[in-house]
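**Q** when you get a sec, could you give me coordinates for this:
(2 chains)
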Amino acid sequence: MAEPSRARSADRAGLVGPGLRLARLLGRHRQVLAATTRVELEKRYSGSLLGRAWIVLYPVLWLAIYLFVYLVVFKVRYRSYSTLDYVVYIFSGLVPYIAVMEAVTAGVVSVKQNLHLVRNIILPVEMIPARAVGMALVSEVVGLAMLLALDLASGSGSPRLAVLPLALAIEATYLLGVAMFLAPLGVLFPDVGYFTNLLVLFVLFVSPIAFKPAALPVGYHFIVWANPVYYLLLPFRLATLPATGWDWASLLAAGAIALVTYFVGAAFFARAKPHLVDYD
Amino acid sequence: MSALQTWPDEHTGAGQAAGAGSPPSGWRSRRAKTTTARSGVSFHEYGQYRELFYNLTLRELRSKYKRSVIGWGWSMINPLANMAVYTIVFSVLLKTTPPEGVPSGVHNYAIMLLAGMLPWAFFSGSVMESMGSLLGNQNLIQKTYFPRELIPASTVASKIISHLIEMGLLMVAVIGFGNWRAPLFIPGVLVLMAVVAAFALGLALLFSIGNVFYRDIQHFSGILFFIWMFLTPVVYPFYIVGGGLNGSTGAFSLPRHLGGLSLGSVFKLNPMTDAVLLFQQLIYNGSLPSSSHVQIFKIPVAVPTMTFRVGRQLKTVPAHTVVQHVAALVQANVSWGDFGYLVFWAVAALAIGLAVFRKYEPRLPEEL
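**A** Here you go, the predicted structure:
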């Protein structure tokens, strides 16, 4: 089932086929995926001073930087938002973006650092980038729980919070596609890691996490429109900030971007997979 | 490792802590006198390991960009790309106004940013990269004896090399932007770089050995240094939080004065704030730190006459008969006292780092 598919070239053809096969593959191995993700997380937190507290502390530290830079240094205020609403606005952008950062930086080196597993015939290689995404998502779920608590405490909690799992599913699909796309690149081009690290930092700043898209100077709005992360954040904002009007378009846009990214990533991975085996 | 191969490969381990191999011949007698139970060397004996230190540093430099297409170019591209990111975000999008350099007249966000960001990147990069260095050199540590301080120190040394190149290029750029005084401050910049390097080495020693015992130190240092960077006026000018040069008040509307302490003074408790301000003072402003927080510059007199108060009388005299220049009072951001504070931190960090490292060093081979 999982031997390197050099012979079965049909596996690699097409755009939709590999995506569907990947979904079936991950579904079949979901228990192994969950177990390896858990083991990796245990490994990350084992022997550490603060242990699993980091999983909570990490988003809190990010929130602290953002509040400091935007509220103290740049004194950003939005008339339509109270300070607490603004904190929710930042956090609902930050928690998903931390997962993006984690999935991208871990995804790009995931296969490279586990080249010995590429020839593994028991488990398919696809599991390695998927595991990187899985780890990012576990941290994100913890962050979302904190966001939920903050949202309810700030009084802006509403039935719309039910959208949150959908928003997470859309992001997971997107990240899976990104990780599948980047992992082979990370093996074939060692410089990709440097580049993605910079890109992630850049997108962190230009994504409307703490500012509203309208706050950009005239002529720079394309920075938001051209940024896929902007669309991925919309469903999270929809769920946590009822002050923003309900809008199907943002859900559809996010879903479409996620699906396209997923299928492109899966197709790319399927094409690159035979080369990864050669590279070892 | 050529330096290691020249040494006799004997493992007597006499009178040494667990796991430590043997020092080069002609060594044991002296070691026995200076250190007994501890496996650290006395300070003057570090000199004996010069060649090893040199080779470790060289290896560090060579391996850093191994197998990368652009290779060494990354050491230049990385700061430039970071500069582009921060300039686009903070200067273009967030419209941060850089201060005007007094007296250099330089008025450019990217230059202000680089004057603080290059030393910051050197500092944080040195500490973060040395954190994993002991784990990365596990084999070397378990197989041979040498002062393990050399491993984090060689990482810092390799960063110093690339930092020197970056700062040299920055100096050229600053002159291009109109600060012709910049070359005069090169000795000052070098002294400052040495102080920051000492501070970085102290923390590198402390955290590299700490990371062996608590592995999360390395894993989460990224976020901690990111926070630290934003608590240091690197990407935004200091006047936003602290007032001072080109901004009489800070932008912080909540109590700027906490029991007589201004927010700027609170920021300066962070030694890296002082370091960044000193670099900006030398490179961007083109001036030495002031002796107080008010700096006096001579500027040409714009009016032909001056009015004096003599007793109860006002006297008006032609300016050129009194002085050719008047002193302009400009509130400076950074003083010699701040420099002293930074030196204090650097010395303290180095002393504590070295003491802690030497204390736990004997446990290294088994811990790894």
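
**Q** number of nearby residues for the closest residue to A:Leu161 other than its chain neighbours?
**A** The shortest distance from A:Leu161 to any non-neighbouring residue, by C-beta to C-beta, 6 or more residues apart in numbering or on different chains, is to A:Ala239 (5.4 Å). In short, each C-beta sits where N, CA and C put it, glycine included. The burial count assigned to A:Ala239 is 25, neighbours taken as other C-beta atoms under 10 Å in any protein chain shown.

**Q** A:Val260 now?
**A** 16.

**Q** skipping its backbone neighbours, what lies nearest it in space?
**A** A:Gly177 (7.9 Å).

**Q** contact partners for that neighbour?
**A** A:258, A:260-266 (C-beta atoms under 8 Å, 6 or more residues apart in numbering or on different chains).

**Q** before we move on, back to that, what secondary structure does the residue nearest to A:Leu161 sit in?
**A** Secondary structure for A:Ala239, judged by DSSP: H, G, I helix; E, B strand; the rest coil, is helix.

**Q** and residue 109, what does it touch?
**A** Since no chain was named, I'll use chain A. Taking C-beta under 8 Å, 6+ apart, one finds A:186, A:193 in contact with A:Val109.

**Q** hmm, I had chain B in mind actually
**A** Going by C-beta under 8 Å, 6+ apart, B:Tyr109 touches B:87, B:90-91, B:96-98.

**Q** just give me the neighbour total for A:Glu40.
**A** 16.

**Q** which secondary structure elements does the helix or strand hosting A:Ile257 sit against?
**A** Remark: A:Ile257 resides in helix A:248-279, with elements defined by DSSP states H and E. Applying 3 or more C-beta pairs under 8 Å, 6 or more residues apart in numbering or on different chains; DSSP states H and E, one finds that helix A:248-279 contacts helix A:16-28, helix A:163-188, helix A:228-240.

**Q** what angle sits between that helix and helix A:16-28?
**A** Using axes from the mean of the first three to the mean of the last three C-alpha atoms, to 10 degrees, the direction of helix A:248-279 lies 90 degrees away from that of helix A:16-28.

**Q** read off the pLDDT value for residue 143.
**A** I went with chain A, as the question did not name one. pLDDT recorded at A:Gly143 is 92.

**Q** oops, I was thinking of chain B
**A** 82.

**Q** pull the CA atoms of stretch A:20-27 into PDB?
**A** Taking C-alpha atoms only, stretch A:20-27 is exported to PDB below (Å, rounded to 0.1, in the frame of the first residue of the first chain):
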ATOM      1  CA  LEU A  20      -8.200  12.100  -2.600                       C
ATOM      2  CA  ARG A  21      -5.700   9.300  -2.200                       C
ATOM      3  CA  LEU A  22      -3.900  11.400   0.500                       C
ATOM      4  CA  ALA A  23      -7.200  11.900   2.400                       C
ATOM      5  CA  ARG A  24      -7.900   8.100   2.200                       C
ATOM      6  CA  LEU A  25      -4.300   7.400   3.300                       C
ATOM      7  CA  LEU A  26      -4.500   9.700   6.300                       C
ATOM      8  CA  GLY A  27      -7.900   8.400   7.200                       C
END
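
**Q** who's in contact with that stretch?
**A** Identification of contacts with stretch A:20-27 by C-beta under 8 Å, 6+ apart yields A:2, A:11, A:33, A:124, A:126-127, A:130, A:176, A:180, A:266, A:269-270.

**Q** could you dump those into a markdown table and include neighbour count and distance to A:Asn197?
**A** A markdown table is the format used below for those (neighbours: other C-beta atoms under 10 Å in any protein chain shown; distance: C-beta to C-beta, whole Å):
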| residue | neighbour count | distance to A:Asn197 |
| --- | --- | --- |
| A:Ala2 | 15 | 31 |
| A:Asp11 | 16 | 32 |
| A:Leu33 | 20 | 26 |
| A:Pro124 | 23 | 27 |
| A:Glu126 | 25 | 24 |
| A:Met127 | 22 | 24 |
| A:Ala130 | 26 | 21 |
| A:Leu176 | 29 | 20 |
| A:Met180 | 29 | 19 |
| A:Ala266 | 25 | 24 |
| A:Phe269 | 26 | 21 |
| A:Ala270 | 23 | 26 |
